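1. Show me how the following folds:
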Amino acid sequence: MTIALVALGGALGAVVHYWLTRAVTDPRRVTLTTLVACAALGFVAAATPPERYFALACIGFLGALAPMTSVALLTVTQVRRSDHRGAALFLSATVIGGVACAMLGFLLYSSGLTLYRKF
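-> Next comes the predicted model:
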């Protein structure tokens, strides 16, 4: 059952990724999509949903929404065009920004939960 949920979430995430980035042609769209997906991943992971929802939302949908293959493809494309500075900036922004956004999503959920419990 979990594998079917991951496949369903992955299919939906891949379609949304394609629609948002238009077949991986614009580095800014890919970076923005990846950062938002990482923030959502951190937020949902902090919520600790049941395994089936985690498989559907995090592993399936958000994993397919922000694939590192798109980042790798755009980085290699920029390097082939001799845009080394742009490739390094894009790769750094996506990787470091993705981790930072995941941490931010996790902290937003955790701090919101803490504030909720205080009142």
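2. Just list the residues touching the residue positioned nearest the centre of the chain, thanks.
-> The residue lying closest to the centre of the chain (Cα atoms, centre = their mean) is Ala37, at 3.1 Å. With contact taken as Cβ atoms under 8 Å, 6 or more residues apart in numbering, Ala37 is in contact with Leu62, Leu65, Ala66. For every residue, glycine as well, the C-beta is placed using N, CA and C.
3. Okay, buried residues for the helix or strand where it lies please.
-> Element membership for Ala37 (DSSP states H and E) is helix 27-47. Buried residues in helix 27-47, counted by 16 or more other Cβ atoms under 10 Å: 27, 29-31, 33-47.
4. how about low-confidence regions in the chain?
-> Within the chain, the stretches with pLDDT under 70 are 23-24, 113-119.
5. Surely Leu12 and Phe61 touch.
-> Yes - the criterion here is Cβ atoms under 8 Å, and Leu12 meets it with Phe61 at 5.5 Å.
6. If you count surrounding residues, which of those two has more?
-> Phe61 (26 against 15; other Cβ atoms under 10 Å).
7. Quick check: the more buried one vs Met1, distance?
-> Phe61 sits 16 Å away from Met1, taking Cβ to Cβ, to the nearest Å as the criterion.
8. what's the span of stretch 61-72, first residue to last?
-> The stretch stretch 61-72 measures 20 Å between its terminal residues, going by Cα to Cα, to the nearest Å.
9. I'd like the numbering to begin with 53 instead of 1 from here.
-> New numbering, starting at 53: the last item is stretch 113-124.
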